[in-house]
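*Asks:* missing the sequence, but the structure's below:
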């Protein structure tokens, strides 16, 4: 087994099972260190047992690499693969099999932890046909949001990465902040250039219902908006603590989504699971489109769609209304409507 592949797989499975980011990063960094070595130097160090002399390689990561080099599946990886055979959540298998891609993901260009290439290759390995890269917009400075200049630069990088991925499509995109007045936090020109626009509220989440409703309706009615991201902004668990739902007129917002062909995101992050079931059922009754997304900030999180699929099945979301079950040509025809 290739030592670099073994380290990448270990990092992926640790991340998928929601292990600490520090532990995950140790294996991912080790894979990057070994990938940068020439084949000759890597073989020499593996044979001599001197991997730990390299910065970023510790006893645990070296053990995985050495066992792989010896022709064995590393012990740590055996245990992780056995655990991964158990589903993350019960239900939603048919919907997960129908999904062709993911429309909400982040890279290290904003607040993600991995390069664009790593995110794209992982999505391909998971069997996706496409992945939308949707790093944050300028106002979200805490997440290193992309200025117009940086987004313009990223569009070229995305196109270059996409050109090396065969039939798989890496789509350009942005998770655009919904500003206080309901406008979107990026120029119309750039919003018109990206493939996918996810519009989300990230600030003043405790505003009154009238204010929040007007803000969300402004974004939904914007012709550039494709997906309404994590609509309540709630947090139900996780390292950032908990946060209650934002208050808004769900009937009005979901009616506008249905009217304007904007998909309601079913956010699969375990700490979000947004929208709550009662609102998800209400959106189904309103005739909305949906997008089951991971909001992944790291490669292993790209496999979290199972959480969203289980809730979508439970709440009766019709598969034909889920936009990321569509072929990429149909999806792009919709986003360019």
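*Replies:* On my side now, so go ahead. All values derive from a computational prediction rather than experimental measurement.
*Asks:* where do the strands sit along the stretch 1-150 of the chain?
*Replies:* Applying DSSP state E, counting those that start in this stretch to the stretch 1-150 of the chain gives strands spanning 101-102, 130-133.
*Asks:* could I get those as a markdown table with distance to residue 184 and mean neighbour count?
*Replies:* In short, each C-beta sits where N, CA and C put it, glycine included. Supplementary listing: these in a markdown table, determined by distance: least, CB to CB, whole Å; neighbours: other CB atoms under 10 Å:
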| stretch | distance to residue 184 | mean neighbour count |
| --- | --- | --- |
| strand 101-102 | 21 | 29 |
| strand 130-133 | 16 | 30 |
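*Asks:* and those as JSON lines, adding distance to residue 214?
*Replies:* Compiled in JSON lines, the strands of the stretch 1-150 of the chain are given as follows (distance: least, CB to CB, whole Å):
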{"stretch": "strand 101-102", "distance to residue 214": "30"}
{"stretch": "strand 130-133", "distance to residue 214": "27"}
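*Asks:* which one of these lies nearest to residue 274?
*Replies:* Distance to residue 274, taken as CB to CB, is lowest for strand 101-102 among those, at 15.7 Å.
*Asks:* ok so, going back, so can I have a markdown table of the strands of the stretch 1-150 of the chain showing mean pLDDT and distance to residue 289?
*Replies:* A markdown table is the format used below for these (pLDDT from 0 to 100; distance: least, CB to CB, whole Å):
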| stretch | mean pLDDT | distance to residue 289 |
| --- | --- | --- |
| strand 101-102 | 98 | 15 |
| strand 130-133 | 98 | 15 |
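*Asks:* ok, which of the ones you listed comes nearest residue 200?
*Replies:* strand 130-133 (13.7 Å).
*Asks:* how is this protein carved up into domains?
*Replies:* Following automatic domain parsing, one gets these domains for the chain: 3-84, 93-335.
*Asks:* mean neighbour count, those domains: which tops it?
*Replies:* Greatest average neighbour count among these goes to domain 93-335 (a mean of 20), per mean count of other CB atoms under 10 Å.
*Asks:* residue most distant from the centroid, the protein?
*Replies:* Computed with CA atoms, centre = their mean, the residue of the chain farthest from its C-alpha average is residue 48, at 39.6 Å.
*Asks:* ok, it to residue 58 distance?
*Replies:* 17 Å (CB to CB, to the nearest Å).
*Asks:* same check, this time on residue 256
*Replies:* Counting by CB to CB, the gap between residue 256 and residue 58 amounts to 52 Å.
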